[in-house]
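Asks: Sequence plus the predicted model coming up.
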Amino acid sequence: MAISRTPVFKRCDYLGINPLVLGYSHKPSIRRTKTTRRRKQSVYARQLIEKQKLRFIYGVLEKQFKLIYARAEKIGGITGENLLTLLELRFDNVIFRLGLSTTRREGRQLINHGHLMLNGRRVGIPSVTLKVGDVISVHEKSKQALRSHNLAQNRKIPAWLEFDEEKLEGKVVTLPKRSDIDYDVTESAVVELYSK
């Protein structure tokens, strides 16, 4: 299995992403003040950066991203919005959005270690696409550990999810909309890149 080992803050600087979107709190370095050079970017470069931004935020490798894009094309409607919806409905991202993990990488690890259940069954695959009505719960043996570990409870839960803090149980209420996405991305550039 391939693992992305890119330095998070360097990559955030390059792609123009705020590390808080990924769940990382970051203080700017005092020693390293970088002067920004203005380079004229081609259309292709801007499209590529938008695709890399989406891949980096969700922690998806190129092959997976192409498969998700192919699924988004088959669904009726606007391909760019379908792509964002499919990425938001990934199991590891839903765990992050519910506040059960501080980052998407941590959410992926919780799923791989069997701490989380989907519709009452253990699922060890972080890339599972959830549907409306799916219930995410914490395994009985892991509840105490997750409660003692101070999770991101102050995170704002999006409108398309419900979360019960006592039971540590979440539910997908509706499909996520474009307005629910809290970072700046031009999904139409990704569609243009893949439609060449």
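Replies: Okay, I see it. Residues are numbered from 1 along each chain as shown.

Asks: what residues are up against the spatially most central residue of the chain?
Replies: Geometric centre of the chain, nearest residue: residue 58, 3.6 Å, by CA atoms, centre = their mean. Contacts for residue 58 (CB atoms under 8 Å, 6 or more residues apart in numbering) come out as 87, 90, 93, 104. For every residue, glycine as well, the C-beta is placed using N, CA and C.

Asks: now do residue 126
Replies: Residue 126 neighbours (CB under 8 Å, 6+ apart): 90, 91, 92, 107, 108, 111, 112.

Asks: Same list, the residues you listed, but as CSV with pLDDT please.
Replies: Listed next are the contacts of residue 126 as CSV, based on pLDDT from 0 to 100:
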residue, pLDDT
90, 94
91, 93
92, 92
107, 89
108, 91
111, 91
112, 91
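
Asks: With respect to residue 178, which of these is nearest?
Replies: residue 90 (16.7 Å; CB to CB).

Asks: The closest one: how many residues sit nearby?
Replies: 24 (other CB atoms under 10 Å).

Asks: bridging residues for it?
Replies: residue 129 (DSSP bridges).

Asks: again, but for residue 163
Replies: residue 170.

Asks: I figured it hits residue 172, correct?
Replies: No - at 10.8 Å, residue 163 does not count as touching residue 172 under the criterion of CB atoms under 8 Å.

Asks: the more surrounded of the two?
Replies: When residue 163 and residue 172 are compared on other CB under 10 Å, the one with more neighbours turns out to be residue 172, at 21 against 17.

Asks: Look up how far residue 21 lies from the more buried one.
Replies: 21 Å (CB to CB, to the nearest Å).

Asks: Check residue 184 too.
Replies: 9 Å.

Asks: Could you do residue 174 as well?
Replies: When distance is defined by CB to CB, residue 174 is 22 Å away from residue 21.

Asks: neighbour-wise, which of these two wins?
Replies: Neighbours per residue (other CB under 10 Å) separate residue 174 from residue 21, with residue 21 holding more: 16 against 13.

Asks: Enumerate every residue touching that one.
Replies: Contact partners of residue 21, counting by CB under 8 Å, 6+ apart, are 57, 182, 183.
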